[in-house]
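Visitor: Fold the following, please.
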Amino acid sequence: MIDPNARGRQLWMSVGAPILILVLCLCAGSVAIFAEFARRQDDAFVRNSEQLVEAAMRGRSRALSNTTKDYAYWDDAYQAITRRWNPAWVERNFVSAVADGLVVFRSDRTLKHAWFGEQVEVDGAALARALVRQAASDSELQLMAAAGDAASATVSRTLNIDGRLVIVATAPVSLEGATPRRPGAAVDFVVSVDVVDRTELDEKGARLGLHDFDFAATAPPADGDLVSLRAAESGDEGGWLVWRNDRPGSAAFLSQALMVLVFLALAGAMAIWIARRLVTKQLDVLAHADAEAEANRAKSEFIAMMSHELRTPLNAVIGYAELMREDLEDQGLERQCEDVRRIERAGHHLLRLISDILDHAKIDANKMNTALEPTSVAEALNEVATILAPAAREQGNRVVVSVAPDVAHVLADPMRLQQCLLNLAGNAVKFTHRGEVRLAATRQLVGDRDMVLIEVADTGIGIEQEALARLFSPFVQADAAIAQHYGGTGLGLSITRKLARAMGGDVAVSSELGRGSRFTLSLPGAQAAPLRQAA
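Guide: Take a look at the predicted model:
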């Protein structure tokens, strides 16, 4: 008998372990999916915020460039800035929401004039000198000078000057109707200046929805806590706009992590509970099955032993009855002989019942051996008809045997085949009165198997349709009243089906109450010529 502890461990491995592994995989997969979704949101925040900052800086630079063009290509400005420096005019007219100052220098980078609004808290002279050096390259100045007017030539740059973010736009100063200059002619350039201070950075970050928005002279460390964008094209050391990486995906995931973990824990607990219930139920089923198998084994062993013990004295009774009948026949005592014959018939009937019980017990205990060999179908049917002839005559029945020309042999145990046929044909004779019992053998392909079908048909009392389902159950008969009238243990058909299946076949039945029954015993054929499926 299997150790219950070992069976429990085996069931946990086969049922519980896969469920637990599935739960763990689902938990790990869910966390991985959420984490990947959070990572993608974080990456999207970085990309989108960089695009927002770039667009904001590009818009500010474009606005400053347009302002510079307006002043550089304006006759009044030309007179007040280039011909003679008029700071009062500049103070009065150079009013812009995007420009904080104005610088004028010659093409040889000689500083001429500089003006900065009061809101710019810087060293104006130092800033002006730095702008003269860095506002544009020599090649850019030459190209702008050759263009002839500010409307067609303007250069914008973003600079880091003394740790400050400075946006500048440079254009050549000219009259509105100016003609192209001669190569090498002296040209004045005007530079509009936008100094982005801390207050503006805070306001810009708030408008863009960015936290800790600032300007740094050096790139921040690549630890992922800050997002950086190179803003200054040139200057002392370059410059970067930086802001905090809010990681919205990770933050959202962490805010919901407790709920997710609780949900996964509940799912895992539910799965463990279900697995435990399944394993417990399976163990109970197996325990009941073991107990039932043990009980069936003990019952089969008891029946086999008791059947053997009963047959020995019963054979002695039958033997003594035969001796008594012979002595009485010699003495001419016919009436006493008939009494002894009744004893013999009762003994033989009881012996058949005990044999059926013993066979059934052997089959259940898997101790019924079958030696399969080619067996003549015609000889088997004729032998059964001969054995049943006296009983058929007593019932007024006619037994007809019919064997198809292409049927010769079946692969079966001869003794068990005869037992099956006697059970089927004996029932047909017993339940038929003044009718016909027909034994017919045909050949047929069942799937890809060559089978011989032996039909036992009668014109007897028939069987109700509701009783057909339980007809092959042991110790069960179709009708209690019929069993009481005709007798029998209800084992014959059960034994016949089990023997047929042990030999590779089966038994089927069809019947109609009052019009007879037809039992079909199918067995593997052992024919010389193969049977082909009809087209």
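
Visitor: Tell me where this protein has helices.
Guide: Counting by DSSP state H, the chain has helices at residues 4-11, 17-72, 75-78, 87-93, 124-134, 138-147, 198-208, 248-331, 334-364, 377-395, 414-430, 465-468, 480-486, 492-502.

Visitor: I'd like these as JSON lines, with distance to Ala371 appended.
Guide: Quick note: C-beta positions are derived from backbone N, CA and C, even for glycine. Output for those, formatted as JSON lines (distance: least, CB to CB, whole Å):
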{"stretch": "helix 4-11", "distance to Ala371": "36"}
{"stretch": "helix 17-72", "distance to Ala371": "44"}
{"stretch": "helix 75-78", "distance to Ala371": "124"}
{"stretch": "helix 87-93", "distance to Ala371": "124"}
{"stretch": "helix 124-134", "distance to Ala371": "110"}
{"stretch": "helix 138-147", "distance to Ala371": "110"}
{"stretch": "helix 198-208", "distance to Ala371": "94"}
{"stretch": "helix 248-331", "distance to Ala371": "20"}
{"stretch": "helix 334-364", "distance to Ala371": "15"}
{"stretch": "helix 377-395", "distance to Ala371": "15"}
{"stretch": "helix 414-430", "distance to Ala371": "8"}
{"stretch": "helix 465-468", "distance to Ala371": "32"}
{"stretch": "helix 480-486", "distance to Ala371": "33"}
{"stretch": "helix 492-502", "distance to Ala371": "11"}
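
Visitor: Just tell me which of the ones you listed ends up closest to Ile161.
Guide: Closest to Ile161 of the helices of the chain, according to CB to CB: helix 124-134, at 4.9 Å.

Visitor: Quick one: the helices of the chain as CSV, columns for mean pLDDT, distance to Ala231 and mean neighbour count too.
Guide: Formatted as CSV, the helices of the chain follow (pLDDT from 0 to 100; distance: least, CB to CB, whole Å; neighbours: other CB atoms under 10 Å):
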stretch, mean pLDDT, distance to Ala231, mean neighbour count
helix 4-11, 62, 67, 13
helix 17-72, 84, 6, 15
helix 75-78, 84, 29, 16
helix 87-93, 81, 28, 13
helix 124-134, 86, 14, 18
helix 138-147, 81, 19, 16
helix 198-208, 87, 11, 14
helix 248-331, 74, 23, 13
helix 334-364, 73, 92, 16
helix 377-395, 90, 102, 17
helix 414-430, 89, 99, 22
helix 465-468, 80, 93, 12
helix 480-486, 51, 102, 11
helix 492-502, 85, 89, 21
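
Visitor: so which of the ones you listed comes closest to Pro220?
Guide: For these, proximity to Pro220 was assessed by CB to CB; helix 17-72 is nearest, at 13.1 Å.

Visitor: what angle do that closest one and helix 198-208 make?
Guide: Helix 17-72 and helix 198-208 are oriented at 130 degrees to each other (axes from the mean of the first three to the mean of the last three CA atoms, to 10 degrees).

Visitor: all numbers from here: first residue = 8
Guide: That works, and once the first residue is 8, the last one we named lands at helix 24-79.

Visitor: re earlier: out of the helices of the chain, which gets nearest to Val173?
Guide: Shortest distance between Val173 and the helices of the chain, using CB to CB, is found for helix 131-141: 7.6 Å.

Visitor: so who does the residue lying closest to Leu506 once chain neighbours are set aside touch?
Guide: Excluding the flanking residues, the one nearest Leu506 by CB to CB, 6 or more residues apart in numbering is Arg423, at 4.9 Å. Counting by CB atoms under 8 Å, 6 or more residues apart in numbering, Arg423 touches 377, 506, 509-510.

Visitor: Check Glu128 too.
Guide: Here Glu128 is in contact with Asp204 (CB under 8 Å, 6+ apart).

Visitor: And for Met151?
Guide: Contacts for Met151 (CB under 8 Å, 6+ apart) come out as 143, 160-162, 177-179, 194, 196.

Visitor: Same question for Asp232.
Guide: Asp232 neighbours (CB under 8 Å, 6+ apart): 251-252.

Visitor: give me phi/psi at it?
Guide: With angles defined as degrees, to the nearest 10, Asp232 sits at phi -80, psi -20.

Visitor: how far away is it from Phe220?
Guide: Going from Asp232 to Phe220 by CB to CB, to the nearest Å gives 14 Å.

Visitor: Could you list the buried residues of stretch 98-110?
Guide: For stretch 98-110, the neighbour count (16 or more other CB atoms under 10 Å) marks 101, 103, 105-110 as buried.

Visitor: For that stretch, measure first residue to last.
Guide: End-to-end span of stretch 98-110 (CA to CA, to the nearest Å): 13 Å.

Visitor: and what of stretch 396-412?
Guide: End-to-end distance for stretch 396-412: 24 Å, by CA to CA.

Visitor: And the contacts of that stretch?
Guide: Stretch 396-412 is contacted from outside by 384-385, 388-389, 392, 395, 432-433, 436-437, 439-450, using CB under 8 Å, 6+ apart.

Visitor: quick one on the thing from earlier: quick check: the farthest pair among the buried residues of stretch 98-110?
Guide: Val105 and Val110 (15.4 Å).

Visitor: What values do phi and psi take at Ala80?
Guide: Just so we're on the same page, residue 80 is Tyr rather than Ala. phi -110, psi 60.

Visitor: just how off-centre is stretch 276-288 within its chain?
Guide: A distance of 20 Å separates the centroid of the chain from that of stretch 276-288, by CA atoms, centre = their mean, to the nearest Å.

Visitor: and it, C-alpha only, in CSV?
Guide: Once non-C-alpha atoms are left out, stretch 276-288 reads as follows in CSV (Å, rounded to 0.1, in the frame of the first residue of the first chain):
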residue,chain,number,x,y,z
ALA,A,276,-3.3,33.2,-0.6
MET,A,277,-6.4,32.2,-2.6
ALA,A,278,-4.3,30.0,-5.0
ILE,A,279,-2.6,28.3,-2.0
TRP,A,280,-6.0,27.7,-0.4
ILE,A,281,-7.4,26.3,-3.6
ALA,A,282,-4.3,24.1,-4.1
ARG,A,283,-4.7,22.9,-0.5
ARG,A,284,-8.3,22.1,-1.0
LEU,A,285,-7.6,20.3,-4.3
VAL,A,286,-4.8,18.3,-2.7
THR,A,287,-6.9,17.5,0.4
LYS,A,288,-9.8,16.4,-1.8
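
Visitor: Pick out the most distant pair among the contacts of Arg423.
Guide: Across the contacts of Arg423, no pair lies farther apart than Thr377 and Leu506, at 7.4 Å, counting by CB to CB.

Visitor: Next step: the contacts of Met151 restricted to strands.
Guide: In strands, judged by DSSP state E, the following of those are found: 162, 177-179, 196.

Visitor: one step back: how about CSV for the contacts of Met151, with distance to Lys76 and pLDDT added?
Guide: Formatted as CSV, these follow (distance: CB to CB, whole Å; pLDDT from 0 to 100):
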residue, distance to Lys76, pLDDT
Ala143, 15, 86
Ala160, 9, 75
Thr161, 6, 85
Val162, 11, 88
Thr177, 11, 91
Ala178, 6, 89
Pro179, 10, 88
Val194, 15, 84
Phe196, 13, 90
